[in-house]
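Student: what's the 3D shape of this:
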Amino acid sequence: HSTGDRVLIAVARAVSERVRIDELVARRGGDEFAVVINDADPQYANAVLQRIDDAITRTRHRICPDLPPTACVASVAWRPGDTPDDLLREADIALHAKKAESRLLSHLAETAKDSGGDNTPADAISAQNVGAAH
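Tutor: Predicted coordinates for the structure are as follows:
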C-alpha cells in the first residue's frame with residue numbers, strides 16, 4: 001500500500017507538471033485521473049497526451065523498476081450539449097478501449113517475440129487527444 005500511495009502521489013505530480021496552469025488535473029478514484037483542457041486543438045491535445053503518457057511511464061518505472069510501467073491515456077472532446085457526466089462516461093469508454101488495445105498489442109508482441117518477429121508493429125500504437133489517464 002505504501003508503494004501504491006507513493007506511485008499515485010508521484011503520478012499526480014508528474015501529470016500536473018505536464019499541463020498548463022489553467023488546465024485542471026483531478027483524481028477520479030483509484031489510479032484514474034482526468035485532465036480538462038479548454039478549447040484545445042487536436043495537435044495541442046495530442047502533444048499533452050504524449051507528455052502525460054511519457055511522464056506516467058517514467059514515474060512508475062522510477063518507483064517500481066521491476067514492474068512494467070504501464071499507463072493508459074485516452075481522450076474525448078466536449079460536444080455542445082454534453083453534461084459533465086456525459087464527458088466522464090465518454091472518457092471511461094475511451095479508456096476501456098485503450099486498455100483493450102493495449103492488452104491486444106501486448107499479446108501480439110508476445111506472440112511475435114515467441115515466433116522470432118518484432119516486438120510490436122511500428123504503426124500499432126496511436127495517440128488520441130487528452131482527456132483521461134489510468
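Student: what pLDDT does residue 62 get?
Tutor: Listed pLDDT for residue 62 reads 91.
Student: got the contact list for it?
Tutor: residue 10 (C-beta atoms under 8 Å, 6 or more residues apart in numbering). Any C-beta I mention is one placed from the backbone N, CA and C, and that applies to glycine too.
Student: Which positions in the lengthiest helix in the chain come out as buried?
Tutor: If you go by DSSP state H, the chain has its longest helix at helix 84-114. Residues of helix 84-114 classed as buried by neighbour count (16 or more other C-beta atoms under 10 Å): 87-88, 90-92, 94-95, 98, 108-109.
Student: want to throw the residues you listed into a markdown table with distance to residue 38 and pLDDT?
Tutor: Output for the buried residues of helix 84-114, formatted as a markdown table (distance: C-beta to C-beta, whole Å; pLDDT from 0 to 100):
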| residue | distance to residue 38 | pLDDT |
| --- | --- | --- |
| 87 | 13 | 88 |
| 88 | 16 | 88 |
| 90 | 17 | 89 |
| 91 | 16 | 87 |
| 92 | 21 | 87 |
| 94 | 19 | 86 |
| 95 | 21 | 85 |
| 98 | 23 | 84 |
| 108 | 37 | 75 |
| 109 | 37 | 73 |
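Student: separation between residue 91 and residue 4?
Tutor: Per C-beta to C-beta, to the nearest Å, residue 91 is found 22 Å from residue 4.
Student: Do you have the helices of this protein handy? List them.
Tutor: Along the chain, counting by DSSP H, helices occupy 2-16, 42-63, 84-114.
Student: which residue sits closest to residue 55, ignoring its sequence neighbours?
Tutor: Closest residue in space to residue 55, ignoring its immediate chain neighbours: residue 14 at 3.9 Å, by C-beta to C-beta, 6 or more residues apart in numbering.
Student: Report how many residues lie close to that neighbour.
Tutor: 19 (other C-beta atoms under 10 Å).
Student: cool, and residue 82?
Tutor: Residue neighbour count, defined by other C-beta under 10 Å, stands at 14 for residue 82.
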